[in-house]
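**Student:** sequence isn't available, so here's the structure alone:
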Ligand code: FES
Ligand SMILES: [Fe+2]
């Protein structure tokens, strides 16, 4: 069940309406800690089961210094491994996505692994003396499939994806995502900006009326942002709540077939589910879009997404999907510009902090979750160079002590 937290509670936890201090958007030591303690310990979306339908199909995912490969085994199971050869660390597949047949053959010296990660053959194996071949399989990673979506985790032992998304389960189940197929080409924006600057805009709908005139024309004042007790964000808008001024919106809504597998309650909704730190699942009546934002280095980040849809031969549906893509591409381009301007401003000496409204609960909630893990982000000024990790550790310990007492 969805239970939403009210604004008062969120801002009480945040200790006020001020956002994160400016330094947190421009600090390489913090990016390193965020990468290690958030991104390498939380689930990352890799793709959909339909991206690797057959035994030997694989998908790769990289984050910071880590490389993962997800491969479908002869038994049909998906497994994730570090994409690091046990001989001398080469990646074991060259491409981001592909088919490797019955085994993974390292391109460096040809060590060969079965699809379950175990060693199959070592060229000139007797030249290695008395090594334990059993122990030299690829090192496994956590891998979980939820409604057809494939997630991996490089470390950490937090809740499963199913648990994290428990509050969204009932709604997400309506969309039959596991039966969907890749629809459009994957997309990706690279930013020379801190990942949080990119994420902030995505966590609120307060900018929709001004920043996204077309989206506003589509959903109008029906657009709503809420945060659940479990820390998920849900934003939604009703595409038939108002008369549309813009032709493309009229065309989209007219093209959408009325006959749908979705219940009446969901046929006219655009819904965005956000999961900390940077994952978004967008449920449209005609397709779903999944994207995530993560750091790729100090002051660098990426926002990358993919679209999936049920097989549907109706020309009307194809038309609706195409118009949906056009509308969302325009929204994306608008966000890219807005994000750049805000992030530039945060580097200026004229930046004196932010102030958040009740329409920006997603931002505040995200920042609450960030401060809970990295309390150093609550400090008004950056810790002295070289000390951030240590200062954060001290604050974590203090928080633990005060939580117990
Ligand atoms: S590094 Fe893979 S076979 Fe040598
Ligand atoms: Fe936006």
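**Tutor:** Received it, and whenever you're ready, just let me know what you need. Since the structure is predicted, the reported quantities are computational estimates derived from the model, not experimental observations. Residues are numbered from 1 along each chain as shown. Ligands and ions are numbered 1, 2, ... in the order given.
**Student:** any idea how many residues pack against the closest residue to residue 260 other than its chain neighbours?
**Tutor:** Nearest residue to residue 260, sequence neighbours excluded (Cβ to Cβ, 6 or more residues apart in numbering): residue 267, at 5.2 Å. In short, each C-beta sits where N, CA and C put it, glycine included. By the criterion of other Cβ atoms under 10 Å, residue 267 has 16 neighbours.
**Student:** my guess is residue 267 meets residue 261, correct?
**Tutor:** No: taking contacts as Cβ atoms under 8 Å, residue 267 lies outside contact range of residue 261: 9.7 Å.
**Student:** return the residues of the stretch 101-250 of the chain in contact with ligand 1.
**Tutor:** Counting by Cβ under 6 Å from any ligand atom, the stretch 101-250 of the chain comes close to ligand 1 at 106, 108, 109, 110, 111.
**Student:** what's the first one sitting at in phi/psi?
**Tutor:** In this entry, residue 106 is assigned phi and psi values of phi -60, psi 130 (degrees, to the nearest 10).
**Student:** residues contacting residue 76?
**Tutor:** Contact partners of residue 76, counting by Cβ atoms under 8 Å, 6 or more residues apart in numbering, are residue 55.
**Student:** ok, now with 10 Å
**Tutor:** Each residue near residue 76 by Cβ atoms under 10 Å, 6 or more residues apart in numbering is listed here: 53, 54, 55.
**Student:** let's see the pLDDT reported for it.
**Tutor:** At residue 76, the pLDDT value in this model is 98.
**Student:** what is the burial count for residue 351?
**Tutor:** 14.
**Student:** so how far is residue 134 from the residue nearest to it when sequence neighbours are not counted?
**Tutor:** Residue nearest to residue 351 in three dimensions, not counting chain neighbours: residue 22, with 5.1 Å by Cβ to Cβ, 6+ apart. The gap separating residue 22 from residue 134 is 53 Å, by Cβ to Cβ, to the nearest Å.
**Student:** more crowded one of these two?
**Tutor:** Set residue 22 next to residue 134 and count neighbours by other Cβ under 10 Å: residue 22 wins out with 20 against 8.
**Student:** common neighbours of residue 267 and residue 261, please.
**Tutor:** residue 285.
**Student:** filter the residues of the stretch 101-250 of the chain next to ligand 1 down to the buried ones, ChimeraX style.
**Tutor:** Selection command for ChimeraX covering only the buried members of these, criterion 16 or more other Cβ atoms under 10 Å:
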select :106,111
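**Student:** okay, the residues of the stretch 101-250 of the chain next to ligand 1 in TSV with secondary structure next?
**Tutor:** Formatted as TSV, these follow (DSSP: H, G, I helix; E, B strand; the rest coil):
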residue	secondary structure
106	coil
108	coil
109	coil
110	coil
111	coil
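**Student:** pLDDT added to the residues of the stretch 101-250 of the chain next to ligand 1, as JSON lines?
**Tutor:** Shown next, in JSON lines, are those (pLDDT from 0 to 100):
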{"residue": "106", "pLDDT": "98"}
{"residue": "108", "pLDDT": "97"}
{"residue": "109", "pLDDT": "98"}
{"residue": "110", "pLDDT": "98"}
{"residue": "111", "pLDDT": "98"}
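**Student:** the chain: helices as residue ranges?
**Tutor:** 7-14, 28-34, 161-164, 169-173, 195-202, 208-211, 213-219, 247-255, 315-347, 361-373, 388-404 (DSSP state H).
**Student:** can you give me the angle the first one makes with helix 361-373?
**Tutor:** Yep, that's helix 7-14 we're talking about. Angle, helix 7-14 to helix 361-373, by axes from the mean of the first three to the mean of the last three Cα atoms, to 10 degrees: 30 degrees.
**Student:** distance to residue 182 and mean pLDDT for the helices of the chain - can I get that in JSON lines?
**Tutor:** Converted to JSON lines, the helices of the chain look like this (distance: least, Cβ to Cβ, whole Å; pLDDT from 0 to 100):
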{"stretch": "helix 7-14", "distance to residue 182": "36", "mean pLDDT": "94"}
{"stretch": "helix 28-34", "distance to residue 182": "30", "mean pLDDT": "98"}
{"stretch": "helix 161-164", "distance to residue 182": "20", "mean pLDDT": "97"}
{"stretch": "helix 169-173", "distance to residue 182": "18", "mean pLDDT": "98"}
{"stretch": "helix 195-202", "distance to residue 182": "22", "mean pLDDT": "92"}
{"stretch": "helix 208-211", "distance to residue 182": "28", "mean pLDDT": "95"}
{"stretch": "helix 213-219", "distance to residue 182": "24", "mean pLDDT": "96"}
{"stretch": "helix 247-255", "distance to residue 182": "21", "mean pLDDT": "98"}
{"stretch": "helix 315-347", "distance to residue 182": "13", "mean pLDDT": "93"}
{"stretch": "helix 361-373", "distance to residue 182": "28", "mean pLDDT": "95"}
{"stretch": "helix 388-404", "distance to residue 182": "40", "mean pLDDT": "92"}
